[in-house]
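[1] Just to be clear, the model below is a prediction. Sequence and coordinates:
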Amino acid sequence: MAGLSMAESGGGRDLPSKLTWQVFICCIIAASGGLMFGYDIGISGGVTSMDDFLEKFFPAVYLKKHEAREDNYCKYDNQFLQLFTSSLYLAAIVSSFIASFFCKKFGRKPTIQAASIFFLAGAVLNAVSVKLGMLIAGRICLGVGVGFGNQAVPLFISEIAPAKYRGGLNICFQFLITIGILIANLINYATSKVHPYGWRISLGCAAVPAIILAIGSLVIVETPASLLERGKNEEALRVLRKIRGVDNVDKEYAEILNAIELAKQVKHPFRNLMSRSNRPQLICGTVLQFFQQFTGINVVMFYAPVLFQTMGYGSDGSLLSAVVTDLVNAVSTLVAVFLVDIIGRRVLLIEACLQMLVAQSIMGRILAVHLKSANIMPKASAKLVVILVCVFVSGFAWSWGPLGWLIPSEIFPLETRSAGFFFAVSMNMFCTFLVAQAFLTMLCHMRSGIFFFFAAWIVVMGIFAIFFLPETKGIPIDEMNERVWKKHWFWKRYHKDSYINKRSQEIQDKSEEESLE
Ligand SMILES: OC[C@H]1O[C@](O)(CO)[C@@H](O)[C@@H]1O
């Protein structure tokens, strides 16, 4: 198998590996799960600002929207409307739990295939909806797809990529999420002019990425780690040779095998995950996803068109502004693809905190000054807010967006990887749900204060990144414990103590044995 010219050396050490086309294509196909996820994220904001859609499913919101005297901040405050957006994430939390077992027992590839089937069912159901119940049922199917896809795809990519390219390839997942969001908003822009069923086209088009994923998932290989985990040793060796593009993969094979043997001794991964020595990874992996969502990114992704309408833009202008921010989101994610394995994870995260903090604070201030109830914001300020949204989004896109997935996928040892990643995925889904469900109500009650609320969280996450997040750039996954956690100024205490605990347990066991004899 020919390798791409850029890659000849090993994954940060002496493992022979090339970035082969096989790996590259598998990663792109798997990452198209991100396209699907992104499409679902991007589509709901535009659809919920379309009059035809509101009139059919949410007549109360429709009336409120066209009520001249209604408070700008509260036009869209409706729990059911928020449930349309957020039900997907609720379903995804539950399904990613199931997916974590499915992924371990049947492998990463069938989990990705299952995701595509749920995506397809959800898209069809949404496009033909005649009642709110059908609409929500469709969103739930999409949510199950998201749960399965988001559980399997980042793991798949991290396990199949050579360590040296793991960061960049993994970010393809997030990149395709941003492309999905962008396409969704472009489609919304076009279909908002198609009356009365434009929204059906928007929701139905989700079937396209679902079909791409379904077909693509038939041709990808299973990861060597997952094959070994299920006792398919010969196949694992064959796949490893194929994806690395070299025959001599003995060392890597032995390392994965070793990790599997260790993993097999762990009968209860979820219980093991709670043990003291696994706590640093668990805390960092989950907290990163919590922080990712509490940047307030989904306020922009879900509700940008609604937010821009609140500021006085017309429907067209709002959808177009949302397209611009999505473009910035996608392009900036590419920056991370190229930089993450060169300058590392922490620099990106910390720099982005500063950038997002400045943008959020100025935005909050502008909205506080100009957007009093039922007032329309001056055009220049409204334009400035769009620019600030772009500054905010770009900071997020080259840092907390992609790294929220990458870091949790690379820090857990094999025995707790699936279980640990589940916590990260479900934290993402849970917080996305919270933001989606609460934002319009928060906007109505907190008004511009909402931006300061998220700005405060950005300060907290910056402090966390500076003091508590270790650098994982270029470290092979199976060496994380030795080279990262056991050396970190804060987290090393968890290993030291666990060693002491283990030793004292051994001594206690021994003395019990002796006394029995
Ligand atoms: O690109 C923005 C998107 O990325 C995510 O944070 C996922 O990583 C989504 O929740 C968000 O909508």
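    Ah, there it is.
[2] how distant is stretch 303-321 from the center of its chain?
    Mean-position distance between stretch 303-321 and its chain equals 25 Å (C-alpha atoms, centre = their mean, to the nearest Å).
[3] Now do the phi/psi pair for residue 20.
    Phi and psi for residue 20, reported as degrees, to the nearest 10, are phi -80, psi 160.
[4] and what of residue 247?
    Per-residue torsions, residue 247: phi -80, psi -30 (degrees, to the nearest 10).
[5] So which bits of the stretch 1-150 of the chain are right by the ligand?
    Proximity of the stretch 1-150 of the chain to the ligand (C-beta under 6 Å from any ligand atom) is limited to residues residue 41. Heads up, the C-betas are built off the backbone N, CA and C, glycines and all.
[6] What's the nearest residue in the stretch 1-150 of the chain when you look at the ligand?
    The stretch 1-150 of the chain approaches the ligand most closely through residue 41 (4.3 Å), counting by C-beta to the nearest ligand atom.
[7] Do the helix or strand where residue 402 lies and the ligand come into contact?
    Assigned by DSSP states H and E, residue 402 falls within helix 400-411. Yes: counting by C-beta under 6 Å from any ligand atom, the ligand has neighbours in helix 400-411: 401, 404.
[8] Mind exporting the C-alpha coordinates of that helix to CSV?
    In CSV, the C-alpha atoms belonging to helix 400-411 read as follows (Å, rounded to 0.1, in the frame of the first residue of the first chain):
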residue,chain,number,x,y,z
TRP,A,400,-12.3,23.8,22.2
GLY,A,401,-14.5,22.6,19.3
PRO,A,402,-12.1,20.0,17.9
LEU,A,403,-10.0,19.4,21.0
GLY,A,404,-13.2,18.6,23.0
TRP,A,405,-13.3,15.4,21.0
LEU,A,406,-9.6,14.8,20.3
ILE,A,407,-8.3,14.9,23.9
PRO,A,408,-10.9,12.5,25.4
SER,A,409,-10.3,10.0,22.5
GLU,A,410,-6.6,9.8,23.2
ILE,A,411,-6.2,10.0,27.0
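[9] Check which helices and strands the helix or strand following that helix sits against.
    Proceeding N to C from helix 400-411, the next assigned helix or strand is helix 414-446, under DSSP H and E. Packing partners of helix 414-446 (3 or more C-beta pairs under 8 Å, 6 or more residues apart in numbering; DSSP states H and E): helix 79-106, helix 132-160, helix 250-264, helix 269-273, helix 279-293, helix 297-310, helix 400-411, helix 449-468.
[10] Just want the angle from the third one to helix 414-446.
    By that I understand helix 250-264. 70 degrees (axes from the mean of the first three to the mean of the last three C-alpha atoms, to 10 degrees).
[11] how about helix 250-264 as CSV, C-alpha atoms only?
    Taking C-alpha atoms only, helix 250-264 is exported to CSV below (Å, rounded to 0.1, in the frame of the first residue of the first chain):
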residue,chain,number,x,y,z
ASP,A,250,5.3,-6.5,15.0
LYS,A,251,6.1,-3.8,17.5
GLU,A,252,2.8,-1.9,17.2
TYR,A,253,0.9,-5.2,17.1
ALA,A,254,2.6,-6.4,20.3
GLU,A,255,1.8,-3.1,22.0
ILE,A,256,-1.9,-3.2,21.1
LEU,A,257,-2.0,-6.9,22.1
ASN,A,258,-0.4,-6.0,25.4
ALA,A,259,-2.9,-3.2,26.0
ILE,A,260,-5.7,-5.7,25.2
GLU,A,261,-4.4,-8.3,27.7
LEU,A,262,-4.3,-5.6,30.3
ALA,A,263,-7.8,-4.5,29.3
LYS,A,264,-9.1,-8.1,29.5
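[12] how far does it sit from the chain's center?
    Offset of helix 250-264 from its chain centre (C-alpha atoms, centre = their mean): 28 Å.
[13] For that helix, the averaged confidence score.
    Mean pLDDT, computed over helix 250-264, is 86.
[14] mind listing what's buried in that helix?
    252-253, 256-257, 259-260, 263 (16 or more other C-beta atoms under 10 Å).
[15] Ok, the shortest one next?
    In terms of neighbour count (16+ other C-beta under 10 Å), helix 269-273 has its buried residues at 269-270, 272-273.
[16] Equivalent analysis for stretch 469-482, please.
    469-470, 472-478, 480-481.
[17] Can you give the contact residues for that stretch?
    The list of residues contacting stretch 469-482 from outside it, by C-beta atoms under 8 Å, 6 or more residues apart in numbering, reads 11-13, 15, 158-159, 163-164, 166-167, 255-256, 258-259, 281, 284, 288, 340-341, 344-346, 349, 407, 410-414, 483-485, 487-488, 491, 495.
[18] Filter those residues down to the buried ones, PyMOL style.
    Under the burial definition 16+ other C-beta under 10 Å, those of those that qualify are selected in PyMOL by:
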select buried, resi 11+12+15+158+159+163+164+166+167+256+259+281+284+288+340+341+345+346+349+407+410+411+412+413+414+484+485+488+491+495
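[19] Can you name the residue of the stretch 201-350 of the chain nearest the ligand?
    For the stretch 201-350 of the chain, C-beta to the nearest ligand atom, closest residue to the ligand: residue 301, 3.8 Å.
[20] That residue reaches residue 41, doesn't it?
    Yes: with contacts counted by C-beta atoms under 8 Å, residue 301 reaches residue 41, the gap being 5.4 Å.
[21] Mind checking which of these two has more residues around it?
    Set side by side, residue 301 and residue 41 show more neighbours around residue 301, with 27 against 24, by other C-beta atoms under 10 Å.
[22] if we can go back for a sec, which residues do residue 301 and residue 41 both contact?
    The contact lists of residue 301 and residue 41 share residue 181, where a contact means C-beta under 8 Å, 6+ apart.
[23] quick one on the thing from earlier: what packs against the helix holding residue 402?
    helix 132-160, helix 163-191, helix 279-293, helix 315-339, helix 345-370, helix 414-446.
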